[in-house]
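J.: Got a predicted model here, sequence first, then my questions.
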Amino acid sequence: MLLSVPPERTHWRDEELSLRHRQWGFNCPIADLDFLVVEYDQCIVMAIIEYKHQRAAPQTRSKPGYRAVLNLAERACLPFFSVRYSGAPDFEWFVVTGLNRLATNYFFKNPEHMNEMQYVEFLLRIRGRNHP
């Protein structure tokens with residue numbers, strides 16, 4: 001049985017490239033991530049974070065895209081987090097979930113609910129810095 005490539009879901013990305021890549025077939029997968037960033041300090045990567053808006057579909061560690069980035073984070077010895085946020089205009093809350101051992105051992109094991117100031121303090125903490 002030949003596996004099919006899922007269609008483009010959101011049309012937020014460059015749809016032409018997404019459609020072309022899907023023509024390359026099932027054995028040429030790409031990660032479907034919303035907003036993947038590297039948090040860094042003095043040009044040194046400190047963590048990988050995928051941001052998810054509150055309206056985005058929930059993701060799990062079992063999704064192939066997450067597993068690929070998890071593999072990257074593990075190989076680079078970096079913590080990997082998923083951060084769901086409330087969005088504009090006030091960004092009232094952030095929920096931070098550690099997705100690999102470095103994230104859960106060093107920071108927290110369960111999802112952490114934060115207000116914006118707490119989240120900024122978390123970002124400074126992963127850099128080994130204190131809030132001014």
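T.: Everything's here; your move.

J.: list the buried ones in the biggest helix by length in the chain?
T.: Selection of the longest helix in the chain by residue count, based on DSSP state H, yields helix 64-76. Under the neighbour-count criterion of 16 or more other CB atoms under 10 Å, helix 64-76 has Gly65, Tyr66, Val69, Leu70, Ala73 buried. Where you see a C-beta, it was placed from the backbone N, CA and C, and this is true even at glycine.

J.: Make JSON lines out of those residues and add distance to Lys109 and pLDDT.
T.: Listed next are the buried residues of helix 64-76 as JSON lines, based on distance: CB to CB, whole Å; pLDDT from 0 to 100:
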{"residue": "Gly65", "distance to Lys109": "23", "pLDDT": "82"}
{"residue": "Tyr66", "distance to Lys109": "18", "pLDDT": "84"}
{"residue": "Val69", "distance to Lys109": "20", "pLDDT": "92"}
{"residue": "Leu70", "distance to Lys109": "16", "pLDDT": "93"}
{"residue": "Ala73", "distance to Lys109": "17", "pLDDT": "96"}
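
J.: give me the low-pLDDT residue ranges for the chain?
T.: 1-3, 5-15, 32, 132 (pLDDT under 70).

J.: what ranges do the helices span in it?
T.: So, for the chain - with DSSP H - the helices run 15-23, 64-76, 101-106, 116-126.

J.: Redo these as a markdown table? Include distance to Val45.
T.: Formatted as a markdown table, the helices of the chain follow (distance: least, CB to CB, whole Å):
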| stretch | distance to Val45 |
| --- | --- |
| helix 15-23 | 25 |
| helix 64-76 | 7 |
| helix 101-106 | 12 |
| helix 116-126 | 10 |
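
J.: Can you say which of those is nearest to Ile48?
T.: Comparing the helices of the chain by their distance to Ile48 (CB to CB), the top pick is helix 64-76, with 5.1 Å.

J.: Right, I'll leave it there.
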